[in-house]
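Engineer: please find the sequence and the predicted model below.
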Amino acid sequence: MTNITQRMSDIIFEQVKAYFLNSSLESLSTNDHKEIFFYSRLSLILVANADFRLLIKVHCNESDVRTLAKEALQYVEQGRDDGLTDFIKELTNLLGGALKRTLEVSRIQIGLSLPLMIRGFDELFSEKIASTESSIFSFGRNGQKIVVQVQLDYLTDKAKGLLSQVDFSVGSDSSGGFEFL
């Protein structure tokens, strides 16, 4: 059976495409965990409760994001980093929010942190938990890409049972689509 973090891929992919205003983005295969160390930016967000901890990391290079998101980044002046940083943090926030909404539809109460942006070389690692699963998804086009890593730490015995009942397919949340403020 596919692990739970793999089942989240549809929601993650649809959020990334919608945020970049670009339906031509493709899902790329990635199995190489070493690849994530070669990106200059890392944005992360924590979705958690007492039973599990879900860490979402978005790895990217600024030049790739600028190229992939030309339509969505029209307001960002060339060479300015602050708008690009906000753009990447907001993407991370949308991914966390989409998964939070999906979990809440299944009546799982969950908290969501603020997104954090650091240099990609300052990768964060959490303590080893007895039961952890992780998946990596890549999205891009013409050589540019963004890598999303999802790490799920089970903190209690009941966590896996709770999450196995959740429908992570696109459109499973009650919001009826994507909302941008």
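Structural biologist: Cool, got the structure.
Engineer: CA atoms for contacts and neighbours, from now on please.
Structural biologist: OK.
Engineer: the residue lying closest to residue 131 once chain neighbours are set aside: how many residues sit nearby?
Structural biologist: Nearest-residue entry for residue 131: residue 154, 5.5 Å, with adjacent residues in sequence omitted and distances by Cα to Cα, 6 or more residues apart in numbering. Counted with other Cα atoms under 10 Å, residues neighbouring residue 154 total 20.
Engineer: next one: the one 5 residues further on
Structural biologist: The burial metric for residue 159, expressed as a neighbour count using other Cα under 10 Å, is 16.
Engineer: all the helices of the chain, residue numbers only.
Structural biologist: Remark: helices of the chain, listed N- to C-terminal, are 4-7, 9-19, 62-68, 82-105, 159-164; assignment by DSSP state H.
Engineer: now tabulate those helices in a markdown table and tack on mean pLDDT and distance to residue 53.
Structural biologist: A markdown table is the format used below for those (pLDDT from 0 to 100; distance: least, Cα to Cα, whole Å):
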| stretch | mean pLDDT | distance to residue 53 |
| --- | --- | --- |
| helix 4-7 | 86 | 12 |
| helix 9-19 | 82 | 17 |
| helix 62-68 | 83 | 27 |
| helix 82-105 | 89 | 12 |
| helix 159-164 | 91 | 10 |
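Engineer: check the gap between residue 16 and residue 93 for me.
Structural biologist: As for residue 16, its distance to residue 93 is 11 Å (criterion: Cα to Cα, to the nearest Å).
Engineer: same check on residue 64?
Structural biologist: The value you get for residue 64 to residue 93, if Cα to Cα is used, is 19 Å.
Engineer: between the two, which is the more surrounded one?
Structural biologist: The neighbour comparison of residue 64 against residue 93 (other Cα under 10 Å) goes to residue 93, with 21 against 16.
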